[in-house]
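>>> Give me coordinates for this.
(chains A and B)
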Amino acid sequence: MASPVLSVVGLRKEYRETLAVDNISFQVGRNEIVGLLGPNGAGKTTTINMLLGVLEPTAGTIRIEDLDLATHRTEALERTNFAAVYAPLPGNLTVSENLHFFGLIYGVKNLGARIDELIRQFDLEAFRKVKSGVLSSGEQTRVGLAKAMLNHPQLLLLDEPTASLDPSVAREIRDQIREYAAQGTGGVLWTSHNMYEVQDVCHRVLFLSHGKILLEGDPKTLPAEHGKESLEELFITVAREPLALEQA
Amino acid sequence: MQMNRTGAIVLRQFYLLRGSPVRVLPLFAWVTVDMVLWGFITRYLNSFVSSGFNFVPALLGAVLLWDFFIRVMQGVTTAFFEDVWSRNFLNIFATPLTISEYIAGLVLSSVATSAFGLVVMIVLAGVIFGLSLLSYGVLLVPFLLVLFLFGIALGVFACAMVLRLGPASEWLIWPIPALLSPFAGVFYPLSTLPRWMQYVGHVLPPSYVFEGMRAIVRGAAFSPALLAAGAGLDVLFVLAAGWTFTKVYRHAVRTGLIARYSAESLS
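Predicted structure coming up:
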């Protein structure tokens, strides 16, 4: 059996008196899209920040492609990339300049050709020489996704990647990410508040509440397993009555 | 250390300069103002002195060297501030880039921008006021090197300070050279200062450069060992600055400060 792309064991983050992430363990397999769900403040972004190496866990291990992030940070992050709505690329560089800059940092081979490919894929040709800061939020999201794909990451972290896209573009992006996960040997960890999208895209979901993984399973069958009609209804229950699910 | 990653930081700075005349202007505008202002002041002072003492290499030369130090320091800090201003910490520190590669990129960016400022100053001071840095002889090279290393050390330390204290602390950084200049003896010998200021001055590597420069202008002897002491202090300052930045970065990663520079919350 192939080793997972991401393996998280006993991950915990404490800020003085606040426990943001409480001893969570999970994996992302090859060709798998895993949804990380939960209400605001559940610990999703804290978890993603720890996976990106910009936040040190209080305890636990993170292995990306079997490389321990704590001891092999550079090698692990060479195989990782991310896009997040709260981390737009520098607005004072053009789309092409941003992709060149990050492409060099990630050590992308044949960078020029890879940028051309991504610019075509994300329909950014018209904006190649436009400063990223003047693009619409949807266009900026597409540039962020192009940057996230630059190094053919084995682990792709997407924090609400379609939040600012219109339904038509959002569907295209979902298709591209699904195709990306299916073609290579990588995996995707995806956060979203759009439960229809999650049901459509994710193979497996993890529900976080108060820093703990409360539920885990197939987004298509999980609601019924907990007596709910839809994933959205289940999400609302997790947000409002997590104790009821914990005790169930 | 991978050069492509360090090169990316330099390339980003080139892109920013290429795309923005507002960023190019400060590379030569302030040094031009300083050269013209102090050039005329020295010319005026020369008109009072009957002994034939030339203020140009003593005063205008000192301004030129001090401005070079400021350009080096601000070359490092400005390249760093670009990441602060564009809220880019999360993007940049979530990559394989190491701290040494990042700092090396800031330093190389500063080499390019400060060299540009130096050339502008040499041309202006030479063409308009007849200042020739060659009058300092072979010591010119170690003079520039000592000032360069101190500029790098102070620049990296300033970056650590802004990383630790937050974007608003940028305003504490700009006046640092002005605060140091009275102690460094840019325009007068250290012996002019009260004792306690002399002690501070002796800890600052630029003071050895300006003492040496004045000795050469007076035709007096100057021990290269003193300049070597200045260089030695420089090495200590550079190591201390690198250590400080690394410690502050690790603290920022531990507390979530890096993520907070970009993310809206720490949910």
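>>> got a pLDDT number for A:V85?
Note on A:V85: pLDDT of 85.
>>> Export the biggest helix by length in chain A to CSV, keeping only CA atoms.
Criterion DSSP state H: the longest helix present in chain A is helix A:167-183. Once side chains and other backbone atoms are set aside, the C-alpha atoms of helix A:167-183 remain, and they are given as CSV (Å, rounded to 0.1, in the frame of the first residue of the first chain):
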residue,chain,number,x,y,z
PRO,A,167,-20.6,29.5,-9.9
SER,A,168,-19.4,28.9,-13.4
VAL,A,169,-15.7,29.6,-12.7
ALA,A,170,-16.0,27.8,-9.4
ARG,A,171,-17.2,24.7,-11.2
GLU,A,172,-14.2,24.9,-13.7
ILE,A,173,-11.8,25.3,-10.8
ARG,A,174,-13.3,22.3,-9.0
ASP,A,175,-13.0,20.2,-12.2
GLN,A,176,-9.3,21.2,-12.5
ILE,A,177,-8.5,20.3,-8.9
ARG,A,178,-10.4,17.0,-9.2
GLU,A,179,-8.4,16.3,-12.4
TYR,A,180,-5.2,17.3,-10.7
ALA,A,181,-5.8,14.9,-7.8
ALA,A,182,-6.8,12.1,-10.2
GLN,A,183,-3.8,12.4,-12.5
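>>> in chain A, which ranges drop under the pLDDT threshold?
Counting by pLDDT under 70, chain A contains low-confidence residues at A:1, A:242-248.
>>> Break down it into its helices, ranges please.
If DSSP H is used as the criterion, the helices of chain A fall at A:44-51, A:73-78, A:95-105, A:111-121, A:137-149, A:167-183, A:195-201, A:222-225, A:231-240, A:242-247.
>>> In CSV: the ones you listed, plus distance to B:R43 and mean neighbour count.
(Each C-beta comes from the backbone N, C-alpha and C, glycine too.) CSV is the format used below for those (distance: least, Cβ to Cβ, whole Å; neighbours: other Cβ atoms under 10 Å in any protein chain shown):
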stretch, distance to B:R43, mean neighbour count
helix A:44-51, 59, 26
helix A:73-78, 56, 20
helix A:95-105, 45, 24
helix A:111-121, 53, 16
helix A:137-149, 54, 22
helix A:167-183, 66, 15
helix A:195-201, 73, 19
helix A:222-225, 83, 16
helix A:231-240, 75, 18
helix A:242-247, 79, 13
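>>> which strands and helices sit next to the longest helix of chain A?
Counting contacts by 3 or more Cβ pairs under 8 Å, 6 or more residues apart in numbering or on different chains; DSSP states H and E, helix A:167-183 is packed against strand A:33-37, helix A:137-149, strand A:155-159, strand A:187-191, helix A:195-201.
>>> and the host helix or strand of B:T113 with helix A:95-105, angle?
Taking DSSP states H and E as the criterion, the element that holds B:T113 is helix B:99-129. Put simply, helix B:99-129 runs at 120 degrees to helix A:95-105, going by axes from the mean of the first three to the mean of the last three Cα atoms, to 10 degrees.
>>> can you give me the helices for the stretch 1-150 of chain B?
For the stretch 1-150 of chain B, the helices defined by DSSP state H, counting those that start in this stretch occupy B:3-18, B:21-46, B:55, B:61-85, B:89-93, B:99-129, B:140-165.
>>> Turn those into TSV, including distance to chain A and mean pLDDT.
Formatted as TSV, the helices of the stretch 1-150 of chain B follow (distance: least, Cβ to the nearest Cβ, whole Å; pLDDT from 0 to 100):
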stretch	distance to chain A	mean pLDDT
helix B:3-18	4	95
helix B:21-46	9	92
helix B:55	43	84
helix B:61-85	8	95
helix B:89-93	4	94
helix B:99-129	9	95
helix B:140-165	13	95
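>>> In a markdown table, list those along with mean neighbour count.
As requested, the helices of the stretch 1-150 of chain B are exported to a markdown table (neighbours: other Cβ atoms under 10 Å in any protein chain shown):
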| stretch | mean neighbour count |
| --- | --- |
| helix B:3-18 | 19 |
| helix B:21-46 | 16 |
| helix B:55 | 21 |
| helix B:61-85 | 24 |
| helix B:89-93 | 22 |
| helix B:99-129 | 19 |
| helix B:140-165 | 22 |
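>>> B:S181 sits in which helix or strand?
Taking DSSP H and E as the criterion, B:S181 maps to helix B:176-184.
>>> Not counting that helix itself, show me its contacts.
For helix B:176-184, the surrounding residues in contact (Cβ atoms under 8 Å, 6 or more residues apart in numbering or on different chains) are B:66, B:69-70, B:73, B:154, B:158, B:193, B:197, B:200-201, B:204, B:206-207, B:210.
>>> And the residues you listed, which two are furthest apart?
Greatest spatial distance in the contacts of helix B:176-184: B:A158 and B:L193, 24.5 Å, computed using Cβ to Cβ.
>>> Ends of stretch B:130-148, what's the gap?
Taking Cα to Cα, to the nearest Å, the first and last residues of stretch B:130-148 lie 24 Å apart.
>>> Of the helices and strands packed on helix A:167-183, give the one that comes closest to chain B.
For the helices and strands packed on helix A:167-183, distance to chain B was read as Cβ to the nearest Cβ. The smallest value, 8.0 Å, belongs to helix A:137-149.
>>> which residues touch that closest one?
Residues outside helix A:137-149 that contact it (Cβ under 8 Å, 6+ apart) are A:81-85, A:87-89, A:95, A:98-99, A:102, A:118-119, A:121-124, A:127, A:132, A:135, A:156, A:158, A:161-166, A:169, A:173, A:176, A:180, B:91.
>>> Pull out the C-alpha coordinates of it and format them as CSV.
Output for helix A:137-149, consisting of C-alpha atoms alone and laid out as CSV, is shown next (Å, rounded to 0.1, in the frame of the first residue of the first chain):
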residue,chain,number,x,y,z
SER,A,137,-11.1,38.9,-6.3
GLY,A,138,-12.0,36.1,-8.6
GLU,A,139,-9.1,36.7,-10.9
GLN,A,140,-6.8,37.0,-7.9
THR,A,141,-8.0,33.6,-6.7
ARG,A,142,-7.2,32.1,-10.1
VAL,A,143,-3.7,33.6,-9.9
GLY,A,144,-3.3,32.2,-6.4
LEU,A,145,-4.3,28.7,-7.7
ALA,A,146,-1.9,29.0,-10.6
LYS,A,147,0.9,29.7,-8.0
ALA,A,148,-0.3,26.8,-5.9
MET,A,149,0.1,24.4,-8.8
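>>> got the helices and strands packed on helix A:167-183 as TSV, with distance to B:L106 columns?
Formatted as TSV, the helices and strands packed on helix A:167-183 follow (distance: least, Cβ to Cβ, whole Å):
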stretch	distance to B:L106
strand A:33-37	35
helix A:137-149	22
strand A:155-159	27
strand A:187-191	32
helix A:195-201	40
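>>> so which of the ones you listed gets nearest B:F222?
B:F222 lies closest to helix A:137-149 among the helices and strands packed on helix A:167-183, at 53.9 Å (Cβ to Cβ).
>>> For chain A, give me its nearest residue in the stretch 101-250 of chain B.
Counting by Cβ to the nearest Cβ, the stretch 101-250 of chain B gets nearest to chain A through B:R250 (7.9 Å).
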